[in-house]
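Novice: how would this look folded up:
(chains A and B)
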Amino acid sequence: MSGTITARDLPPAPAPRMFGRPPRPSRLIPGLPLTLGYTLFYLSALVLIPLAGLVLKTAQLTWEEFWQTVTDPVVLASFELTFGASAAAAAVNGVFGLIAAWVLVREPFPGRRLFDALIDFPFALPTAVAGLTFSQLYLPDGWIGGLGRHLTQAINRLCGLAGFEPALSDDALSWLTFPFTNTNAGIVIVLIFVGLPFVVRTVQPVLRDWDPEYEHAALSLGASRWMVMRRVVFPELFPAWLSGLALAFARAIGEYGSVIFIAGNIPGKSQIAPVQIVTKLDDFRYAQATAIGAVLLALSLLILLAINGLEWWARRHER
Amino acid sequence: MAGAPSNLAAAARQGSPPPPSHPAVRRILVGVTAAFLTLFILIPAVNVFAQALAKGVHAYAAVFYVQAPAAQAKLSLSERRHLAAARSQAEKTRHAIRLTLAVASIVVPLNVVFGLAAAWAVTKFRFKGRSLLISLIDLPFSVSPVIAGLIFVLLLGRNGLLGSWAMGWTWPDPFSLHWRGFAGGWWPLTFTQSYTGVIFTPLAIVLASIFVTFPFVARALIPLMENQGSDEEVAALSLGASGWRTFWKVTLPNVKWALLYGIILCTARAFGEFGAVSVVSGHIDSNDTMPLRIEKLWNEYNNQAAFTVASLLTLLAAVTLIIQLIIERKAGKAGAGIEGEGGQT
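Specialist: Okay, here's the model as predicted:
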């Protein structure tokens, strides 16, 4: 996937090479057969051959079998949910990630360093833990799911302390519940969590290297602040932002660990495509699991290709 | 992920400070960011510890260890049953922790050796297909973890491509090593348990974990070694040092922070992997790693125990982040760029 640091972000090399491309590495260095041989062996044994196995198994399916599996209404619904929820999560991250990147680079505030460090937390936290804590939070006895009840109790206790009658009846704030567990909103919430670092971490370095001279220039020519943001700053950030969006989307499509906790996993309603694969495997319907897996793999590789193309385009665009 | 150093570098390059935002806009933006990050990161993280400690420290400890009743203790039958169940649950949790540690202790060294070899081959030489090789090393990051598990089931499972070969293979369980004594021959150690096949055994968990943590070390090393070039190695070699000596004395010290960074990320992921491991574990209790144990406890409505195990992994994540920050600062001082990236879990 993409680097989160561009070449421009690195400190200047100690001894700049003056002309042309860097020299070819010397022939003096030993170890090519050993290291390359080992790399290829390890890569083939653990990644390429197993992945080729999936392709081979897919090729063994008849077209009929493949097509029936993939167009099964339950499977189609799972793909629809996977894409819908991933796109929704990526969109939320696109908006708030952009704001967060801007604030973390440009608007110093107390606690900025803490929040900056926290951005990487979704990378470091096992997704099972993320799924666990989010599903509990939105349960009726969790902090967020029970917000209405907690607030009612707190307000009534305050009234009691002040010597008044309880101001609210027990279910006065019951509209403040979040019926998120076992609905698809929960899926979007955990996907927002797992994709959160991507947009921030791709936009941040570009923004950091951005020369504010252009903003000054635009402002002095009479542009409004909003116009400068829209016409000067955002176009510069756009390739990185889009790349971050695509990364968050790609990540969300394959996500399993956190979603399994918070989703209801009802076939055709709240089951994402990776869960479909696991369900088929548990029923020993390997052919169907293979077919769905092949589609999902092909889609992830397409997105990967698109991201690479995007970065190539951005680099070209820059020069 | 670049820390303060590149901030400074950028500030040095730029003459004037950026134009300030309107105070009201500024306040709104900061408020939105703080609220978003609090709601989506801070509260969930704090919630893990709050739920784990909701029933007190004793309940927290009881998830891992429950003392056996004293022989003369007068307990009713139901109390004894309750205690026995709690003890067996705690034993399962301890087993999950042991298995997770064992898997990581196999997976991480293997991927470190691979990462070093791959980075050396890719950065010190130019050959046809080099950039394809770099992309292939990154491939596991873009594969869904469920598919990572699926491919090993399709390859080594009972009906798999290599299934008949894999299922005919019996291997001893390293945890069951025990002291037999010299009565049965000159060799006093034996295994009391063995596994047949690969899928639905701890070996499959190792394979799946290797797959999902595959790129971390190589990814951390390649950009840095590419950037450093091989002038220093050439100098050492031309002065007569052997290849190995050059590697240990020149290359390794130069990349040590990036290597450590890769190892930290690889370890964190090996501990926390869920999807791939879940598919190849067959939901068998003895194959549970910590994340799988969390799922089982949650499904048994044992929320406090699930959060207790989760709190260990959250602590690990926090430690990972802190070490990452320290390394970035050190590497920044040494003038090295480090690239970080998270994969899918």
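
Novice: The residue of the stretch 1-150 of chain A found nearest chain B: neighbour count?
Specialist: Relative to chain B, the nearest point of the stretch 1-150 of chain A is residue A:126 (2.6 Å; C-beta to the nearest C-beta). In this view, the C-beta of every residue, glycine as well, is placed from N, C-alpha and C. Using other C-beta atoms under 10 Å in any protein chain shown, residue A:126 has 26 other residues around it.

Novice: so it touches residue B:315, yeah?
Specialist: No - contact between residue A:126 and residue B:315 fails when scored by C-beta atoms under 8 Å: they sit 11.5 Å apart.

Novice: what does the stretch 151-300 of chain B put close to chain A?
Specialist: Selection of the stretch 151-300 of chain B residues close to chain A by C-beta under 8 Å from any C-beta of the partner chain yields B:151-155, B:157, B:159-161, B:207, B:210-211, B:214, B:223, B:227, B:229-230, B:233-234, B:237-238, B:243, B:247, B:268, B:271-275, B:278-279, B:290-292, B:294-295, B:298.

Novice: where are the low-confidence patches of the chain?
Specialist: Defaulting to chain A. A:1-26, A:171-172, A:174-183, A:318-319 (pLDDT under 70).

Novice: Chain B is the one I meant
Specialist: Using pLDDT under 70, chain B drops low at B:1-15, B:332-345.

Novice: which residues in the stretch 101-250 of chain A form helices?
Specialist: Applying DSSP state H, counting those that start in this stretch to the stretch 101-250 of chain A gives helices spanning A:112-118, A:121-124, A:127-137, A:147-162, A:184-209, A:213-220, A:225-228, A:234-254.

Novice: Just give the closest residue to residue B:251, not the sequence neighbours.
Specialist: residue B:233 (6.2 Å; C-beta to C-beta, 6 or more residues apart in numbering or on different chains).

Novice: Name the SS class of the one you found, please.
Specialist: Following DSSP: H, G, I helix; E, B strand; the rest coil, residue B:233 is assigned to helix.

Novice: Skip the chain neighbours and tell me the closest residue to residue B:265.
Specialist: Excluding the flanking residues, the one nearest residue B:265 by C-beta to C-beta, 6+ apart is residue B:216, at 4.6 Å.

Novice: Can you tell me the SS state at residue B:19?
Specialist: When classified by three-state DSSP, residue B:19 comes out as coil.

Novice: got a list of what it touches?
Specialist: A:212, A:215, A:216, A:219, A:225 (C-beta atoms under 8 Å, 6 or more residues apart in numbering or on different chains).

Novice: The fourth one and residue A:228 touch, don't they?
Specialist: Same thing as residue A:219. Yes - applying C-beta under 8 Å, one finds residue A:219 in contact with residue A:228, separated by 6.1 Å.

Novice: For stretch B:186-198, C-alpha coordinates in CSV please.
Specialist: C-alpha atoms of stretch B:186-198 as CSV (Å, rounded to 0.1, in the frame of the first residue of the first chain):
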residue,chain,number,x,y,z
TRP,B,186,18.3,-43.7,26.7
TRP,B,187,16.2,-40.6,25.8
PRO,B,188,14.2,-39.3,28.8
LEU,B,189,11.8,-36.8,27.2
THR,B,190,8.7,-37.6,25.3
PHE,B,191,5.6,-35.9,24.0
THR,B,192,2.3,-37.1,25.3
GLN,B,193,0.2,-35.6,22.6
SER,B,194,0.5,-35.2,18.9
TYR,B,195,-1.4,-33.6,16.1
THR,B,196,-2.4,-34.9,12.7
GLY,B,197,-2.5,-32.7,9.7
VAL,B,198,-2.0,-29.0,9.6
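
Novice: For residue 293, give me its contacts.
Specialist: In the absence of a named chain, this looks at chain A. Here residue A:293 is in contact with A:54, A:58, A:277, B:146, B:147, B:150, B:151 (C-beta under 8 Å, 6+ apart).

Novice: please go with chain B instead
Specialist: By C-beta under 8 Å, 6+ apart, the residues touching residue B:293 are B:92, B:93, B:96, B:309.

Novice: quick one: contacts of stretch A:221-228?
Specialist: So stretch A:221-228 is in contact with A:215, A:218, A:219, A:231, A:232, B:19, B:21, B:22, B:25, going by C-beta under 8 Å, 6+ apart.

Novice: residues near residue A:125, how many?
Specialist: Residues contacting residue A:125 under the criterion other C-beta under 10 Å number 30.

Novice: Contact partners for it?
Specialist: B:45, B:272, B:313, B:314, B:317.

Novice: Also residue A:281?
Specialist: Counted by C-beta under 8 Å, 6+ apart, residue A:281 has contacts A:289, B:150, B:153, B:279.

Novice: pull the CA atoms of stretch B:36-56 into CSV?
Specialist: Extracted in CSV, the C-alpha atoms of stretch B:36-56 (Å, rounded to 0.1, in the frame of the first residue of the first chain):
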residue,chain,number,x,y,z
PHE,B,36,-14.3,12.9,16.9
LEU,B,37,-11.1,11.4,18.3
THR,B,38,-12.6,11.2,21.8
LEU,B,39,-15.7,9.4,20.7
PHE,B,40,-14.0,7.0,18.3
ILE,B,41,-10.6,6.3,20.1
LEU,B,42,-10.4,7.6,23.6
ILE,B,43,-13.7,6.4,25.0
PRO,B,44,-13.5,2.9,23.5
ALA,B,45,-10.0,2.5,24.8
VAL,B,46,-10.9,3.7,28.3
ASN,B,47,-14.0,1.5,28.2
VAL,B,48,-11.9,-1.6,27.9
PHE,B,49,-10.2,-1.0,31.2
ALA,B,50,-13.4,0.2,32.9
GLN,B,51,-15.3,-2.9,31.9
ALA,B,52,-12.4,-5.2,32.8
LEU,B,53,-12.2,-3.7,36.3
ALA,B,54,-15.9,-3.3,36.7
LYS,B,55,-16.1,-6.1,39.3
GLY,B,56,-13.0,-5.2,41.1
